[in-house]
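> how would this look folded up:
(chains A and B)
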Amino acid sequence: MNEWLPKLPLDEWTEAFVDFLQTNFKGLFQLISNLIGSIVDFFVMIFSSVPALVLILIIAGIAWYTSRWTIALFTLAGLLLIENLGYWDATVQTIALVITSILITFIIGVPLGIWMSQSDKLKNVLTPILDFMQTMPAFVYLIPSILFFGIGMVPGVIASVVFAMPPTIRLTNLGIRQVPEDLVEASTAFGATTGQKLIKVQLPLATPTIMAGVNQSIMLALSMVVIASLVGAPGLGADVYRAVSQIRVGVGFEAGLAIVILAIILDRITQNLGKQKNH
Amino acid sequence: MSDPEPIIKVENVTKIFGRNPKQGLKLLKSGKTKQEILQETGLTVGVNKASFEVYPGEIFVIMGLSGSGKSTLVRLLNRLIEPTDGNIYIDGQDVVKMKKEELREVRRKKMSMVFQRFALFPHRTVLENAAYGLEVQGVKKAERLKKAQESLKLVGLEGYENSYPSELSGGMQQRVGLARALTNAPDVLLMDEAFSALDPLIRKDMQDELIELQQKMEKTIIFITHDLDEALKLGDRIALMKDGEIVQIGTPEEIMIHPADDYVERFVEDIDISKVLTAQHVMIRPETLTFDRGPRVALQMMRASGVSSLYLVDKQHRLVGAVTAQAASDAIKQNASLESVMIKDLPTVTPDTLIIDMYDKMSSHPLPLPVIDEQNKLKGIIVNGTVIAALAGNESVINGNGVQQS
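Numbering: from 1, shown residues only, chains lettered A, B, ... in the order given. As a prediction, the model looks like this:
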């Protein structure tokens, strides 16, 4: 093949593009970096300021409020186990990372999903981009993340956001588009504006679907925890990474189990949040 | 129907679905049919040059089979579907030319819609559903809930304010739909197959209640249906649609008695005509005599006109009784007055009594049924032969347009 067509310098182009961004948008990246950094720090600070036992009880309380008591019991036992194994600080950092990622995902993803539901053009543009975001191996996001945001928590959050955002956008769009046509028509017939239709009819009815998207995003963000540790993000992922590089099965299992417990708790709580709203 | 200003005036409204409706419009104007346009261009003519007027306080029924364009037509009126061509005036303003904001005002204040599948908001209570139209207008909460409450009361749903639509039966859900439309106090109600999804008994109740409600509130109603019985029952006038065209507009009687073409005729042939024709359609002129005349005059009249009975009236032509030839000749023999031998307690009907409601009285009495108006004045009589001829479809015996002939 190389005989008749020299290799396209796609790699060089990509690097040139990243270089361009790096030199011209340095200030912006610095700003974003500071912002995300302080959000994560804020969450870590809050979670660390209360004793582990109190925080565990609070989370179990939330689980009890949103779900069945069995989930609450599991939450209590699971978190106590993590504490007992000595992974509490790492867990707090992981929770802060996931919550920050999800916050950003939600703030960007839901409005984008709403916009996408209103415009077929935007939908046609966004769909392949979302496919790209989801299928591109997550590791690849780490490289430009380091270049733009250095190492540590921030590039981890950025990579998680990029990887976790698509389900929120997709399901927000889907949820709004799935609202029965006749209800939207009725709303129009009574003289509702586009905004009124959205707020009074479409969004309330789409909430369960949107929450399912957020739930998916949370799971994806959690799955990024280990990958994010490659760029120096602290937390449970870092423990797993260290265990792998040192081939310590026991530590690897403990840290891995902690991630699984966290995943189950977050999944059940957010799943039931979506259902509660649904009448 | 004589000349009040129409509240809605529709002129040559056309809707063509597809990529290039303008092309279809040109073809349509050059006289091509719906089928030809579909074959040539792939465009679907939804509504083809529909024109009609609706007057205040009228129930105007648009009837047609599925695919006839009736649901499209009603959506063109409030521009849920954009018309391709034509004008729609409401209170003299052209809806088609309106800007977004003006159109919204019309939807909010002038026209409310009731939907076939109710289209209630499942996440809102019955009361919140009924208040939706006012909520969208920015009316304060206390006020809109009060108005919503009133319209729920109107449709008989007091006590269900805090239920959710899914907890109600179909008939009750459509009452909510009706209440939601009434809360806005619109001039015109657009009802798109509003009762078609209900089962027959509830449907009948709803029809009766709608008529009652309409008489109370004097709303103008545009009612879409595929059911001829419903159209005949509700409609002051009916527009019949076929393939996007209005093929006939008229009162129920006009459509039944003088169908404009084969299509309409086929449509109406299965209908029990006794539910449409009234006494004034089939009554004939009675032989009458003022009651203070003698029995000899009566007998002479009967002989002269070849009948065996005679109706007696007073000077104001009010019905007093009837006398048979037998009774008159008895009176002559006994030298009695006509008054003493006449039959007084005759069963009577009014001009707008349906034939189906006359059978009982017709069979219970040997004499032809007298038709009287509110002042007891004798308008005509019902002879069995005419009724049977009318039911058999013999148009020559039917009095035109229900206009009084005597």
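
> For the longest helix seen in chain A, name the packing helices and strands.
What stands out as the longest helix in chain A, according to DSSP state H, is helix A:88-118. Other elements packing on helix A:88-118 under the criterion 3 or more Cβ pairs under 8 Å, 6 or more residues apart in numbering or on different chains; DSSP states H and E are helix A:26-49, helix A:69-85, helix A:120-135, helix A:153-177, helix A:203-223, helix A:225-229, helix A:236-245, helix A:249-277. No exception for glycine: its C-beta is placed from N, CA and C like everyone else's.

> what does the stretch 51-200 of chain A put close to chain B?
A:180, A:182-183, A:185-193, A:196, A:200 (Cβ under 8 Å from any Cβ of the partner chain).

> Take those residues and keep only those in helices.
If you go by DSSP H, these have A:D182, A:L183, A:E185, A:A186, A:S187, A:T188, A:A189, A:Q196 in helices.

> Pull out the buried positions in the helix or strand bottoming out on mean pLDDT in chain B.
When each helix and strand of chain B is scored by mean pLDDT, DSSP states H and E, helix B:262-269 comes last, with a mean of 77. Across helix B:262-269, burial judged by 16 or more other Cβ atoms under 10 Å in any protein chain shown covers B:Y263, B:V264, B:F267, B:V268.

> Residues in contact with it: which ones?
B:L228, B:L240, B:K242, B:V247, B:Q248, B:I255, B:M256, B:P259 (Cβ atoms under 8 Å, 6 or more residues apart in numbering or on different chains).

> Among the residues you listed, which lie within strands?
Taking DSSP state E as the definition of strands, the contacts of helix B:262-269 contribute B:L240, B:K242, B:V247, B:Q248.

> Most neighbours of all these, which one?
Counting neighbours by other Cβ atoms under 10 Å in any protein chain shown, B:L240 comes out on top of the ones in strands among the contacts of helix B:262-269 with 27 neighbours.

> ok, that residue - contacts?
B:L240 neighbours (Cβ under 8 Å, 6+ apart): B:M63, B:G64, B:I246, B:V247, B:Q248, B:I249, B:I255, B:A260, B:Y263, B:V264, B:F267.

> Show the pLDDT at it.
For B:L240, the pLDDT comes out at 92.

> on that earlier part again, quick check, nearest of the contacts of B:L240 to chain A?
Of all the contacts of B:L240, B:G64 has the smallest distance to chain A: 20.2 Å, by Cβ to the nearest Cβ.

> Excluding covalently adjacent residues, which one is nearest to that closest one?
Nearest residue to B:G64, sequence neighbours excluded (Cβ to Cβ, 6 or more residues apart in numbering or on different chains): B:M241, at 3.4 Å.

> who's in contact with stretch B:364-383?
Applying Cβ under 8 Å, 6+ apart, the contact partners of stretch B:364-383 are B:279-280, B:282-286, B:288, B:309, B:311, B:313, B:316-319, B:322, B:324, B:343, B:346-351, B:353, B:358, B:361-362, B:384, B:404-406.

> Could you report the neighbour count for the nearest residue to B:D187 once chain neighbours are set aside?
In space, and not counting its chain neighbours, B:D187 is closest to B:K110: 5.0 Å by Cβ to Cβ, 6+ apart. Residues lying near B:K110 (other Cβ under 10 Å) number 21.

> Could you measure from B:K110 over to B:L189?
Relative to B:L189, B:K110 is positioned 10 Å away (Cβ to Cβ, to the nearest Å).

> before we move on, what about B:P165?
20 Å.

> When the two are compared, which one has more neighbours?
More crowded of B:P165 and B:L189, by other Cβ under 10 Å: B:L189, with 24 against 20.
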